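**Student:** need a structure here:
(4 chains)
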Amino acid sequence: MKISELPRESILLPGNPSCQGCPHGLGLRALGMALENIVLVIPAGCTTIISGIHPKASFNVPVLHVPFASAAAVASGLAAAYRQEGIDANVVVWMGDGGADIGFATLSGAAVRNEDIIVVVSDNEAYMNTGIQSSGTTFWKAKTTTSPGGKSEEKKDLATIMLMHRVPYVATASVGYLPDFIEKLRRASEIKGFRFIHLHSPCPPGWRFDSSRTVEIARLAVKSGAWVLWEYDGRFSISTPSKPYKNEERGAPLEEYIKAQGRFKGIKPEDIEEIRRKIEKQWRLLLSFEETFR
Amino acid sequence: MLKIDCLLAKPSKGSAGKTGLWRTFKPIYNPEKCNHCLLCWLYCPENAIEVNDEEVKIDYEYCKGCGICAKICPKKALEMEEEE
Amino acid sequence: MRTLLTGNYAVAEAVKLSRAKVIAAYPITPQTTIVEKLAEMVEKGELDAEFIRVESEHSALAAVYGAAAAGLRTFTATSSHGLLYLYEMVWWVANARLPLVMAVVTRTIGPPWNIHTDHTDLLTMRDSGWIISMAENVQEAFDLTIQGFRISEEAELPFVVGMDAFQLSHTAEVIDLPSQEDVDKWLPERKQSYKIEPNNPVTVGSIGPNEYTAKLRYDMAKTIESSKELIRKADESFGKTFGRSYGGLVESYELDDAEYVVVMAGAWCGDAKDAIDRLRAEGLPVGMLRLRYFRPFPREELEELEGRKVLVVDRAFSMGHMGILGMEVSSVINNVTNVIAGIGGVDVGVEDFEAMFRRFAKGELQRVEWWPKEVFS
Amino acid sequence: MLTEVMILSFGGQGGVTAARILALAAVSEGMYAQAIPQFGAERRGSLVRSYLRLSDRPIRRHSSIKKADVLAIFAEKILGIVNANEFIRDGGIAILNAKQGIAEKNYCVNAADIALSLNLVAAGWPIVNTAMAGAMAKPLGLSIDSVIEAIKSTFPGELAEVNAKAAEIAYREVRQC
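**Tutor:** Now for the predicted structure:
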């Protein structure tokens, strides 16, 4: 894929209400570059705000706002209607990790039915829109307003859970590697059925880093192995940006990744070592998937 | 008799107003250093950068000054300067 | 065609004849057989529709909301806890002004677990902006379902068909099933003010200044008020085509010269009518105003009862106050007597109504009285 | 005139189906009918009450029947569990799959034998619903032909034939007792 060949028109218009350096802005623009005939379904979350203040809309694609837990079901209804009418559409649910928590049964149900929809969970690892509360995907030891001493539970591995629904397409992506995300969206759009992409979206105010560093932090997550890019389309593979970190190089930038974020302020060295062990375990799991789903 | 305008919003720039006013730092473009790699365009979360073959144009009316473009530019053709 | 159908199967037939295109539902007793029947119709190819086997009621209404937003005729059905579980979507669908029809087979709310009828579940929808109807018999449940699509699509508000658990849902009665041709002639093509479809870049439901919310609510209030006329007209024209009309928002029974008027709704109205016949034979001037619609509320029809003795028989209670219908009717006329009966499915038959109305005429009922006394002693 | 019928059966014996078949038969004869299952859950082996109303005019009431004009008892054992007489109106009729009656006027039929002779058995139970429907048709004044027609519209193919046969035999054999 050549960047110069990407469509120049953006589905997200400038002057929208996103925060400075917002990862969702990056992801949403990439979504528009990747797909045509988009219909966006947006449950409560940051993107509710980003969508604009009435009567102005930030998106130049159709958008249906929906209650928090309902998104994948509303999308199922839209997809059914378009199928009935013979209308070509990419019905895309764009939700945060909050939507994936509260709407998990809905998400799981849509996956079980293999609904013809694309779900992107843009994961900024906390409920940012309500003011940085801990979520199912908040990183271990990360401070939020509801885990002021650092989250004591593990980050939920949403993408592998969705993979176990035996749907045709599941991938992880990162706002630090937009060409990879765009390619994944394009491959997903060529497949019928339920497609799921878990997009890692570092959040400047939520993680407490400077707004200029969103892409940099996202890349550090990948380089430290804390976020692994992979893809399943019948075959499981570690994606190109993550490949160099399959073995010895991995782990070098972990301290850099952790220390760059205010949410880990005061973290103990032994906790960083524990994170390193967790990362090793996750890699072993993913590499075993690569063995299993060849 | 549905007041449809109250329910339907239409696409428009500046749905949050002139977001350029949020800026503390401002990206300044130096065409001599630019290699037209388009990374600044791709990674602008705001869609406030327009590129063509000749140059990079920043929409200062809406650019929020996040600074991602300056960080991502491999040639330092964009640099952040404090607003006056 | 004259045939024997349960209320649930009759509703499924009505949905089929109305040519619904997307159906989504989650099973709950006593609604289950409606959606089983529809799933079967779709699978056999008798109904050209999508049936979405959702994982919850919340998703059922969410899915039909999506399909309705895309412009298709849609249907779902639920009961009791299912209705409470999808409650958030009830309001969302109404505020989004999307036409669709939902059947609520009325069932009480637990604990204790109890699958029998009362009207507590349905009446929780009271303030949401749905047009809320209530059937007396299987034929009316069928008729209301077809009328519901038309009224809903004309008003651009969702429509609910209420019917009592078991007494209608599982009771097989004789009904007249119209031909597809006649239904097609009577039920116009669906129209709506907006559709969510690719390449039509509108955003529906985004954040905005508070005045937009206020304007939309005001507009809804006006619309549901004016839907009274749509309901009356639909009832009349339905009568012309199918030979059955009911009287609009209310049905009058032996009302003209009645000194004592009972106001009630649902399947037990038939039992009460049989009781009225017995009392009339004795010369007691009792009559009935049957509420076919809770919303819009038939205020004008009730105002005409002012000056007569009015008894409201309720199958739902507003904790801390009185029966819900009692409360509603009291907002229009003074000195209403309110009996609370049939809660949790307690069977109330012709003899009960006969005794109740007799005591009412003698002035022996308390302002709010739970029926029958033995149960509550 | 309104006739109110109650059927007492064990869950699995097909009391609800019998009510439905008789209602269908009545409808085909131009009458109004209502078939009501026991309100609520029906468990195999537990006592089930189903209701049937027949009338020459539309039926409006929907409550259950407390005292029936006609009471059908699908198994003799039921008589040992409940005081069946409580469910019959004064002057009412009982139709029993039993040897002797309980009301002023009784009809007896050995529906279990008829079902067994036709191999109408499920999970160890003789399925007596169609035999009982045939037997009930006589005192209810319904023709056996319309009952058979109703059975044929209820069951598929071979099963319809066997069940129609059960109804026919019971209609012939039912006796006042």
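**Student:** Going by C-alpha atoms from here, please, whenever you check contacts or count neighbours.
**Tutor:** Will do.
**Student:** Tell me the first helix or strand C-terminal of the top helix by length along chain D.
**Tutor:** Ordering each helix of chain D by length in residues (DSSP state H) puts helix D:157-173 first. Downstream of helix D:157-173, the first helix or strand assigned by DSSP states H and E is strand D:175-176.
**Student:** Provide the strand pairings for that next one, with the direction of each partner.
**Tutor:** strand D:105-108 (antiparallel) (DSSP bridges).
**Student:** what is the rounded mean pLDDT of the strand it pairs with?
**Tutor:** For strand D:105-108, the mean per-residue pLDDT is 96.
**Student:** Please report the distance of C:Lys195 from chain B.
**Tutor:** Distance of C:Lys195 to chain B, computed by C-alpha to the nearest C-alpha, to the nearest Å: 10 Å.
**Student:** which residues does C:Leu365 contact?
**Tutor:** C:Thr337, C:Arg359 (C-alpha atoms under 8 Å, 6 or more residues apart in numbering or on different chains).
**Student:** quick one: the least confident helix or strand in chain D by mean pLDDT to chain centroid distance?
**Tutor:** Within chain D, no helix or strand scores below strand D:125-126, which has a mean of 84 by mean pLDDT, DSSP states H and E. Chain-centre distance of strand D:125-126: 15 Å, with C-alpha atoms, centre = their mean, to the nearest Å.
**Student:** Could you do stretch C:49-60 as well?
**Tutor:** That offset, for stretch C:49-60, works out to 21 Å (C-alpha atoms, centre = their mean).
**Student:** Next, the distance between the ends of it.
**Tutor:** Start-to-end span of stretch C:49-60 (C-alpha to C-alpha, to the nearest Å) is 15 Å.
**Student:** what about that stretch and chain A, touching?
**Tutor:** Yes - against chain A, stretch C:49-60 shows contacts by C-alpha under 8 Å from any C-alpha of the partner chain at C:Ala49, C:Glu50, C:Ile52, C:Arg53, C:Val54, C:Glu55, C:Ser56, C:His58, C:Ser59, C:Ala60.
**Student:** export those to JSON lines and tack on pLDDT?
**Tutor:** JSON lines is the format used below for the residues of stretch C:49-60 next to chain A (pLDDT from 0 to 100):
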{"residue": "C:Ala49", "pLDDT": "98"}
{"residue": "C:Glu50", "pLDDT": "98"}
{"residue": "C:Ile52", "pLDDT": "98"}
{"residue": "C:Arg53", "pLDDT": "98"}
{"residue": "C:Val54", "pLDDT": "98"}
{"residue": "C:Glu55", "pLDDT": "98"}
{"residue": "C:Ser56", "pLDDT": "98"}
{"residue": "C:His58", "pLDDT": "98"}
{"residue": "C:Ser59", "pLDDT": "98"}
{"residue": "C:Ala60", "pLDDT": "98"}
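**Student:** just the helices in chain A please.
**Tutor:** Counting by DSSP H, chain A has helices at residues A:23-34, A:46-50, A:71-85, A:97-102, A:104-112, A:158-163, A:178-189, A:204-207, A:214-223, A:254-259, A:269-292.
**Student:** Quick check: mean pLDDT of the shortest one?
**Tutor:** Translated: helix A:204-207. Mean pLDDT, computed over helix A:204-207, is 97.
**Student:** quick one: contacts of it?
**Tutor:** Here helix A:204-207 makes contact (C-alpha under 8 Å, 6+ apart) with A:20-22, A:124, A:126, A:128, A:131-132, A:210-211, A:213-214, A:261-263.
**Student:** Can you say which of those residues are buried?
**Tutor:** A:20-22, A:124, A:126, A:128, A:132, A:210-211, A:213-214, A:261-263 (16 or more other C-alpha atoms under 10 Å in any protein chain shown).
**Student:** Mind listing what's buried along the worst-scoring helix or strand of chain C on mean pLDDT?
**Tutor:** Every helix and strand of chain C was ranked by mean pLDDT, DSSP H and E. The lowest is helix C:373-376, at a mean of 92. For helix C:373-376, a neighbour-count test (16+ other C-alpha under 10 Å) marks nothing as buried.
**Student:** do stretch A:49-67 as well
**Tutor:** Buried positions in stretch A:49-67, judged by neighbour count with 16+ other C-alpha under 10 Å: A:49-67.
**Student:** Also stretch C:327-341?
**Tutor:** Buried residues in stretch C:327-341, counted by 16+ other C-alpha under 10 Å: C:Met327, C:Val329, C:Ser330, C:Val332, C:Ile333, C:Val336, C:Thr337, C:Asn338, C:Val339, C:Ile340, C:Ala341.
**Student:** Chain B versus the closest residue to the third one other than its chain neighbours, what's the distance?
**Tutor:** With C-alpha to C-alpha, 6 or more residues apart in numbering or on different chains as the criterion, C:Ser330 has its nearest non-adjacent residue at 6.0 Å, and that residue is C:Val336. In this view, C:Val336 and chain B are 36 Å apart by C-alpha to the nearest C-alpha.
**Student:** do A:Leu64 as well
**Tutor:** Distance from A:Leu64 to chain B, counting by C-alpha to the nearest C-alpha: 10 Å.
**Student:** Bridge partners for that residue, pull those for me.
**Tutor:** Beta-bridge partners for A:Leu64, by DSSP bridges, are A:Val41, C:Val204.
**Student:** Enumerate every residue touching it.
**Tutor:** When contacts are counted by C-alpha under 8 Å, 6+ apart, A:Leu64 touches A:Val39, A:Leu40, A:Val41, A:Ile42, C:Ile196, C:Thr203, C:Val204, C:Gly205.
**Student:** can you give me the strands in chain D?
**Tutor:** Under the criterion DSSP state E, chain D contains strands at D:3-10, D:32-36, D:47-55, D:68-73, D:88-96, D:105-108, D:121-122, D:125-126, D:175-176.
**Student:** The second one packs against which elements?
**Tutor:** For strand D:32-36, the helices and strands in contact under the criterion 3 or more C-alpha pairs under 8 Å, 6 or more residues apart in numbering or on different chains; DSSP states H and E are strand C:172-176, helix D:15-28, strand D:47-55.
**Student:** Many thanks, I have nothing further to ask.
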